[in-house]
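Visitor: only geometry, no sequence info:
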């Protein structure tokens, strides 16, 4: 194996091993550091990694949230505000709180032309600074695979929803083994880190993202966690060769 390729593989193993060994606050700080470093290219990388499909998925997330005029939405793990801004486009007249614990991501979001439609808030998904029964819907995009305690995050989202309110989560999901597995693995472990190196200048971050996908729950397992957190009428749809899923439920 050429020396350069050996070095690349070693660095990838280091990132994956480090992530696997982190829990609690250490994992949160690790994830926060990654998203701080890639904030300046996050939206562009999302478009490239998903071949532009993430825009369509976000539209579906907001449709499933069932928002009506006068409602209040929490876009949790908002990043640069993509879901919140899509909600403002689909349903003018709603109140939108865009919350994240990576402040640098929100700084880039606040520079967007439509940022004034959103109320920005620093928030930890494991301990939300909002009262119970406040929101008509809680949505998230690529949040849950990054949290250190999925059960606690779901319990907090359930707490802040009004009775009858909806949760909708867009996230990666562990793909099943099938005929497409070689293609999926090539995309996850070769294409995405290469894009990350060229576009963001941070290949380590884009090795973490595929690794976190493979370490995350299968779609059925996440649905089970949502039921355990108290949600009902839980369902999901898979997208992009079963590497992405949209989950929903009602309080």
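Guide: Arrived safely. This structure is a prediction, so every number in the text was calculated from the model and none was measured.
Visitor: Next one: the residue nearest the centre of the chain, what pLDDT does it get?
Guide: For the chain, the residue whose C-alpha lies nearest the mean C-alpha position (Cα atoms, centre = their mean) is residue 142; its distance is 1.2 Å. You'll see residue 142 listed with a pLDDT of 92.
Visitor: Verify the stated contact: it with residue 172.
Guide: Yes - using Cβ atoms under 8 Å as the test, residue 142 is close enough to residue 172 to be in contact (6.7 Å). Where you see a C-beta, it was placed from the backbone N, CA and C, and this is true even at glycine.
Visitor: sorry, back to before: residue contacts, the residue nearest to the centre of the chain?
Guide: Listed by Cβ atoms under 8 Å, 6 or more residues apart in numbering, the contact set of residue 142 reads 77, 79, 170, 171, 172.
Visitor: which ones among those are found in strands?
Guide: 170, 171, 172 (DSSP state E).
Visitor: If the second one is in a bridge, with which residues?
Guide: Note on residue 171: beta-bridge partners by DSSP bridges are residue 245.
Visitor: Retrieve the pLDDT associated with it.
Guide: The predicted local distance difference test score for residue 171 is 95.
Visitor: Now for residue 87: which residues touch it?
Guide: By Cβ under 8 Å, 6+ apart, the neighbours of residue 87 are 62, 65, 67, 73, 75, 94, 96, 139.
Visitor: so which strand or helix has it?
Guide: According to DSSP states H and E, residue 87 maps onto helix 82-90.
Visitor: again with residue 48
Guide: Assigned by DSSP H and E, residue 48 belongs to helix 42-49.
Visitor: Show residues contacting the very next helix or strand once past that helix.
Guide: The C-terminal neighbour of helix 42-49 among helices and strands, as given by DSSP H and E, is helix 53-65. Helix 53-65 is contacted by residues 46-47, 50, 73, 82-83, 86-87, 90-91, 137, 139, 141, 166, 168-170, 239-240, 244, 246, 248 when judged by Cβ under 8 Å, 6+ apart.
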